[in-house]
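S.K.: what's the 3D shape of this:
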Amino acid sequence: MTRMKYPDTVEICEVGPRDGFQFEGKLISTELKVDIIRHLARAGLRRIQATSFVHPKWVPQMADAEDVIASISDLSDVVVSALVLNMRGLERARAAGVRHVDISIATNDRHSLDNANMSAADALAQGEAMVKAALSYGIAAQIGFQTVFGYEVPGDTPTETVAGMAKRFSELGVESISLADSTGMANPTGIREMLGRVQDASVDVPLVLHLHDTRGLGLANVVAGLDRGVNRFDAAFGGMGGCPFIPGATGNIATEDLVYLLDGLGVATGVDLDSVADCSKRISEFLGKPLPGKLYALQGKHTRRVQADA
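M.R.: Coordinates of the predicted model:
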C-alpha cells in the first residue's frame, strides 16, 4: 500500500493556557498557570499561547496576563504568544514585553455583530490597523480568522471572503494565518477546499489550523490539513477550551490525541505525550471534572501500544 505523503514534522501550538483556561469558573492561580506552562515547555512544545490581554470584566481568568508573561520571560526557546482583540490589548501586550501576538478577527458578519458588536468589515479594518501597529513595534503578528467553516450553519462564511482576507494580510507581512473552526462545523472536504483557496491567495505565509471537536471530526480534519501540506496546528492539553459566545461549541482538539495521531502517521512533533498528560490530569483534578480529551486518562498505555505495534 502506498503511504500518503505527509509533512515530515508538525509544529503544535499549545493554546490550553489561554483558550482552555479563559472561561473556567474556578479561578486558576498565576502560580499554577505558570507551572503548567513550564511543564508544557519541558514536554517539548515550542509554541505556547500563554494568555490574552482582554478586559478582566469579561474574562476574569485572564486578569493576571502581565504577571503570567513576566513569570515566563526566561523561556527563550519557546515562542510565547498572547491573544489580543483590540488596540488596548495590543498596547498592554507590548508593555508586558510580548514578542508575538495572535490577532483574531471575525470573517462572518453575523458572528462579528454577535461577538464584538461590529461588522465584519469594521473588524477587518481594525485587524489591519493592529497588524500594522504590531509590526511597527517589532512584534511578530499572527492573524486569526474566526468561524471560517461556518457560524450559524456550515459554509455560511464564503470561501472567497476568507481567501480575500488572507491575501490582504499576507501582503501586510503577518508571520502566519490561522483558520479557526470555531464552531466545529468543518469536515475534511471543506477543510481541503478552503485550504486550497487560501493557499493560492497567501503564497509563502504559513497556515495554521485551529480546530474544535464539537462534532467529533477534529482529528479527521487534521488529516485533511496534512493532505494539503499544513504543518502547524493549534491544540489544547486535555481538549480544553470552547467559547461561551457560540452555543454548543466544545473544546479544541486535545494535544495528547493529536500527538498520538501524528506519531501513528510517522509525523514527528518533538512532544512527549505522557508529560502533556501530566498537565491534563493535574488540571482535571484541580477543576474537579474530567476533560474532553481521550488519551490523557490512558497515560502510559499508549506508549506500550506503540512499542507493541512496532
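
S.K.: going forward, measure contacts and count neighbours with C-alpha atoms only.
M.R.: Noted.

S.K.: for the helix or strand that contains Ile37, which positions count as buried?
M.R.: Assessed by DSSP states H and E, Ile37 sits inside helix 30-42. For helix 30-42, burial by neighbour count (16 or more other C-alpha atoms under 10 Å) applies to Thr30, Lys33, Val34, Ile36, Ile37, Arg38, His39, Leu40, Ala41.

S.K.: From the residues you listed, pick the one nearest Thr51.
M.R.: Of all these, Thr51 sits closest to Lys33, with 9.4 Å by C-alpha to C-alpha.

S.K.: Who are the contact partners of the closest one?
M.R.: Pro17, Val68 (C-alpha atoms under 8 Å, 6 or more residues apart in numbering).

S.K.: Same question for the one 4 residues further on.
M.R.: Each residue near Ile37 by C-alpha under 8 Å, 6+ apart is listed here: Pro17, Ile48, Ala50.

S.K.: Val272 contacts Gly44, doesn't it?
M.R.: One thing to correct before we go on: residue 272 is Asp, not Val. Yes. Counting by C-alpha atoms under 8 Å, Asp272 does reach Gly44; the two are 6.3 Å apart.

S.K.: What count of nearby residues applies to Lys26?
M.R.: Applying other C-alpha atoms under 10 Å, we find 11 residues neighbouring Lys26.

S.K.: What are the phi and psi values at it?
M.R.: Backbone torsions of Lys26, given as degrees, to the nearest 10, read phi -80, psi 120.

S.K.: Setting aside sequence-adjacent positions, which residue approaches it most closely?
M.R.: Excluding the flanking residues, the one nearest Lys26 by C-alpha to C-alpha, 6 or more residues apart in numbering is Leu287, at 6.9 Å.

S.K.: neighbours of the one you found, just the number please.
M.R.: 15.

S.K.: thought Ala140 was touching Leu172?
M.R.: No. The pair Ala140 / Leu172 is not scored as a contact, 11.6 Å apart, by C-alpha under 8 Å.

S.K.: if you count what's nearby, which of the two comes out ahead?
M.R.: Ala140 (19 against 13).

S.K.: wait, what's in contact with that one?
M.R.: Counting by C-alpha under 8 Å, 6+ apart, Ala140 has contacts Arg99, His100, Val101, Ala134, Val174, Glu175.

S.K.: Now, those that are in strands?
M.R.: Those of the contacts of Ala140 mapping onto strands are His100, Val101, per DSSP state E.

S.K.: Check the contacts of Ala140 against Pro7 and report the nearest one.
M.R.: For the contacts of Ala140, the nearest to Pro7 is Glu175 (19.6 Å; C-alpha to C-alpha).

S.K.: give me every residue that touches the closest one.
M.R.: Ala140, Ala141, Gln142, Val205, Pro206.

S.K.: Between those residues, which sits nearest Ala186?
M.R.: Pro206 (20.0 Å).

S.K.: Can you tell me the number of residues neighbouring that closest one?
M.R.: Around Pro206 there are 17 residues (other C-alpha under 10 Å).

S.K.: gap between Val153 and Ala96?
M.R.: Per C-alpha to C-alpha, to the nearest Å, Val153 is found 39 Å from Ala96.

S.K.: Tell me which of those two has more neighbours.
M.R.: Per other C-alpha under 10 Å, whichever of Val153 and Ala96 has more neighbours is Ala96, with 17 against 10.
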